[in-house]
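*Asks:* Next come a sequence and a model predicted from it.
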Amino acid sequence: MGNNKYKILVIEDEDNIASFIRTNLEINNYQVICAGTCEMGLRMFSSHHPDLVVLDLGLPDRDGLEFIQEIRKSEAIPIIVLSARTSENEKVFALDLGANDYITKPFGTEELLARIRAVLRSNRHCSELGSIPGGRFQLKDMVIDYDKRQVTIKGNEIDLTQTEYNIVAYLSEHAGKVLTYASIIQAIWGYSDYGSTKKLQVNMKNIRKKMGVTPGERRYIINELGVGYRMMEE
Amino acid sequence: MENDKKDNQNLKDILFSIAVFCLTFAVNLLIQRLFTTQTLVPMIFVFGVFLISLRTHGYCYGIAAAIVSVFAVNFAFTYPYYKLDFFVEESIFSAIIMLVVAVSTSTLNIRIRDQETLRIREQEKLKADSEKERMRGNLLRAISHDLRTPLTSIYGATSTLIAANDSLPNDTKRKLLGEIQEDSEWLIRMVENLLSVTRIDDRKVEIVKTPIVLDELIDSVLMKFEKKHPSQRVETNIPDEFIDIPMDSMLIEQVLMNLLENAVLHAKGMTRLGLTVRMKGTDAVFEVSDDGCGIPNEIKEGLFTGSFVDSGAPVDGKRNNMGIGLSVCTAIVRAHGGDLTEENNDEGGATFRFSLKRNGN
């Protein structure tokens, strides 16, 4: 028992919140270590080598964003940010600094667990999906065949352009994780300029149309308004 | 507009000055005919200059009147008549007196006017402040009252759970826990409304707008709404084409959520709930409509300001934060340069409507 558990470092200064997160994660078979300040978080990070960090941005000693910068200098360990309900900018900023996902306070435990699972999975898969042929992705009635570069819904092929397919495939490779406009644009076009966000949004609109998605019906991709997109996962 | 006003004022000042001057001149001529004395002449001219300085704006009219008056006295009313002769010491002296009268009257006049405008401006600001203060007071009163209920219930339920944990049957525990969750969710919604108000309260801080794709916005709202009210279907009707609208999406989402939830909570007998967006020129018009009981006339007034909350008993004796929700909505829509309106439909139910500019920044 114990050794093969994922180790999660929770950096949160509110004891009550840290406590309920710890309880929930432990029930779900994660090993949890807690830190109340950014300094302590950095120390525990280097001594315990966690598999994932849950980070509150509003810490008493330093800004949580500094923690992300500090860690990202050398490590690719996934980080999930807990953000108070402020502007989208803060989220985008944290994500572009290298955070893997964010969750807005107040959140339910189900939501947190789902994000943790998604981030851990996508971190494991990241290298695999790209390189291993024969990969398939399934979400509800939608199937993506990475070999044939084909998307089907209920067995019917969806006629996507190259770019549209690339976007859907890219999102599916990171299913469950929010991807910022900037990071999608970077991955699809390799460069970004003024107006690229709109270009991406227009492409997304076309993808929705071709898939027969209308607001409130048949949802595969979640719109994180002002931030980016998130492919759902089963 | 400002310029027109100024031109108008200048014209009035000029006409007034000329009229007063002509009048003084005429009176002097008359006096010259009636009495043979000259002593009144400078006095009447000084009086004319005084009147002009008093009634006109700025220094130039008074000074001009003073100079012209000196000429007039010299020309028409001192020997040699109808001839200018500046070497009379008298006329130089009277010129100085008139100028002093003109300048000091104008100075006094300008100072009084400045103080007056300052006073009016301050009064207006005070009025606006007190209006804002009043609205905030209403909100706070309503909210503190509304916060107490769920807090009491959460506190009571948790106390019970801690004190009697072993003796309570599992069903009761579940029920209590469910109630705690429900109340917390309600508190979250309330606090989110409060946060929005503080976010837009300071008029000087412009809200940050980013272009948001219409169907993404609607989908996002529906997703959140479904989570909270899984059984309530929302009929949507939005344009098919790509439309992006600059907005603070978090705030606009909240407006739509509040309007939809209000319908669920307050529109009794509702069978259908609709969310429609249509383009009208460059405006996107959002409508949330239901076929419930409509808004009673007696609470229509003050519906959007939060003031009806303390005007009487709650409509259904339950928590009633519709007023708060709506005043938050109004504040948000106004901050986007629009207005939130409400009307009862002919066939029953109510429609809430607001519009956002597609190319407005």
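*Replies:* Arrived safely, thanks for sending. Residues are numbered from 1 along each chain as shown, chains lettered A, B, ... in the order given.
*Asks:* How is chain A partitioned into domains?
*Replies:* A:7-123, A:133-231 (automatic domain parsing).
*Asks:* I'd like the ones you listed as a markdown table, with distance to residue B:64, mean neighbour count and mean pLDDT appended.
*Replies:* Every C-beta, even on glycine, is put in place using the N, C-alpha and C of the backbone. Formatted as a markdown table, the domains of chain A follow (distance: least, CB to CB, whole Å; neighbours: other CB atoms under 10 Å in any protein chain shown; pLDDT from 0 to 100):
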| stretch | distance to residue B:64 | mean neighbour count | mean pLDDT |
| --- | --- | --- | --- |
| domain A:7-123 | 59 | 17 | 88 |
| domain A:133-231 | 58 | 17 | 89 |
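*Asks:* which residues of chain A fall in helices?
*Replies:* A:15-27, A:38-48, A:64-72, A:88-97, A:109-131, A:162-173, A:181-189, A:196-211 (DSSP state H).
*Asks:* Looking at those, spot the one closest to chain B.
*Replies:* Comparing these against chain B with CB to the nearest CB, the closest turns out to be helix A:196-211 (4.8 Å).
*Asks:* Can you pull out the residues in contact with that closest one?
*Replies:* Here helix A:196-211 makes contact (CB atoms under 8 Å, 6 or more residues apart in numbering or on different chains) with A:142, A:151, A:153, A:158-161, A:163-164, A:167-168, A:181, A:184-185, A:188-189, A:214, A:218, A:220-221, A:229, B:211, B:213, B:215-216, B:242, B:244.
*Asks:* chain center to that helix: distance?
*Replies:* The chain centre lies 20 Å from the centre of helix A:196-211; the measure is CA atoms, centre = their mean, to the nearest Å.
*Asks:* what do you get for stretch A:24-31?
*Replies:* 20 Å.
*Asks:* Let's see that stretch as PDB, backbone CA atoms only.
*Replies:* Provided in PDB are the C-alpha atoms of stretch A:24-31 (Å, rounded to 0.1, in the frame of the first residue of the first chain):
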ATOM      1  CA  ASN A  24     -11.000  14.500  -0.300                       C
ATOM      2  CA  LEU A  25      -7.800  13.700  -2.000                       C
ATOM      3  CA  GLU A  26      -6.800  11.100   0.600                       C
ATOM      4  CA  ILE A  27     -10.200   9.400   0.300                       C
ATOM      5  CA  ASN A  28      -9.500   9.200  -3.400                       C
ATOM      6  CA  ASN A  29      -6.200   7.500  -2.900                       C
ATOM      7  CA  TYR A  30      -3.800  10.300  -3.300                       C
ATOM      8  CA  GLN A  31      -1.000  11.100  -1.000                       C
END
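*Asks:* does any part of it sit near chain B?
*Replies:* No - using CB under 8 Å from any CB of the partner chain, stretch A:24-31 stays clear of chain B, coming no nearer than 14.3 Å.
*Asks:* near chain B, which residues of chain A?
*Replies:* A:85, A:87-89, A:106, A:197-198, A:201-202, A:204-205, A:208, A:214-216, A:219, A:222-223, A:225-226.
*Asks:* Distance check, residue B:296 against chain A.
*Replies:* 30 Å (CB to the nearest CB, to the nearest Å).
*Asks:* Redo the helices of chain A as CSV? Include distance to residue B:169.
*Replies:* Output for those, formatted as CSV (distance: least, CB to CB, whole Å):
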stretch, distance to residue B:169
helix A:15-27, 23
helix A:38-48, 42
helix A:64-72, 43
helix A:88-97, 44
helix A:109-131, 24
helix A:162-173, 46
helix A:181-189, 51
helix A:196-211, 49
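*Asks:* Looking at these, which is nearest to residue B:152?
*Replies:* helix A:15-27 (19.6 Å; CB to CB).
*Asks:* what sits against residue A:38?
*Replies:* A:11, A:59, A:61-64, A:66-67.
*Asks:* Which residue, other than its chain neighbours, is closest to it?
*Replies:* In space, residue A:38 comes closest to residue A:62 once its chain neighbours are excluded; the distance is 4.0 Å by CB to CB, 6 or more residues apart in numbering or on different chains.
*Asks:* where does the stretch 251-361 of chain B dip in pLDDT?
*Replies:* Of all residues in the stretch 251-361 of chain B, those with pLDDT under 70 make up the ranges B:301-302, B:305-324, B:360-361.
*Asks:* need the residues of it near chain A, please.
*Replies:* Residues of the stretch 251-361 of chain B lying near chain A (CB under 8 Å from any CB): residue B:253.
*Asks:* what sits against whichever residue of the stretch 251-361 of chain B sits closest to chain A?
*Replies:* The stretch 251-361 of chain B approaches chain A most closely through residue B:253 (7.1 Å), counting by CB to the nearest CB. When contacts are counted by CB under 8 Å, 6+ apart, residue B:253 touches A:225, B:217, B:220-221, B:224.
*Asks:* The residue nearest in space to the middle of chain A: what's it in contact with?
*Replies:* Central residue of chain A (CA atoms, centre = their mean): residue A:177, 2.4 Å from the mean position. The contact partners of residue A:177, taken as CB under 8 Å, 6+ apart, are A:100-101, A:118-119, A:122, A:230.
*Asks:* What is the neighbour count of residue B:170?
*Replies:* The number of residues packed near residue B:170 is 7, by other CB atoms under 10 Å in any protein chain shown.
*Asks:* and it, what pLDDT?
*Replies:* Note for residue B:170: predicted pLDDT of 89.
*Asks:* how far does the strand or helix carrying the residue of the stretch 251-361 of chain B closest to chain A sit from the chain's center?
*Replies:* Using DSSP states H and E, residue B:253 falls within helix B:249-266. Computed by CA atoms, centre = their mean, the chain-centroid distance of helix B:249-266 equals 24 Å.
*Asks:* Residue B:93: what secondary structure?
*Replies:* Secondary structure assignment for residue B:93 (DSSP: H, G, I helix; E, B strand; the rest coil): helix.
*Asks:* how many other residues sit next to it?
*Replies:* With other CB under 10 Å as criterion, residue B:93 counts 12.
*Asks:* Before we move on, what's the pLDDT of it?
*Replies:* 78.
*Asks:* Residue numbers of the stretch 51-200 of chain B in contact with chain A?
*Replies:* B:184, B:188, B:192, B:195.
*Asks:* list the contacts for the first one?
*Replies:* Shown in contact with residue B:184 (CB under 8 Å, 6+ apart): A:106, B:150, B:154.
*Asks:* Pull out the buried members of the contacts of residue B:253.
*Replies:* Among the contacts of residue B:253, those classed as buried by neighbour count (16 or more other CB atoms under 10 Å in any protein chain shown) are A:225, B:217, B:220-221.
*Asks:* could I get those as TSV with secondary structure and distance to residue B:356?
*Replies:* What follows is the buried ones among the contacts of residue B:253, written out as TSV (DSSP: H, G, I helix; E, B strand; the rest coil; distance: CB to CB, whole Å):
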residue	secondary structure	distance to residue B:356
A:225	coil	14
B:217	helix	10
B:220	helix	16
B:221	helix	14
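*Asks:* now the residues you listed in CSV, with distance to residue B:6?
*Replies:* What follows is those, written out as CSV (distance: CB to CB, whole Å):
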residue, distance to residue B:6
A:225, 47
B:217, 46
B:220, 51
B:221, 50
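*Asks:* quick one: which two of these are the most distant?
*Replies:* A:225 and B:221 (9.5 Å).
*Asks:* what residue is smack in the middle of chain B?
*Replies:* Short answer for chain B (CA atoms, centre = their mean): residue B:128, at 7.2 Å.
*Asks:* Surely residue B:356 is in a helix?
*Replies:* No - with three-state DSSP as the criterion, residue B:356 is located in strand rather than a helix.
*Asks:* Please verify my assumption that it contacts residue B:248.
*Replies:* No - using CB atoms under 8 Å, residue B:356 makes no contact with residue B:248, being 10.6 Å away.
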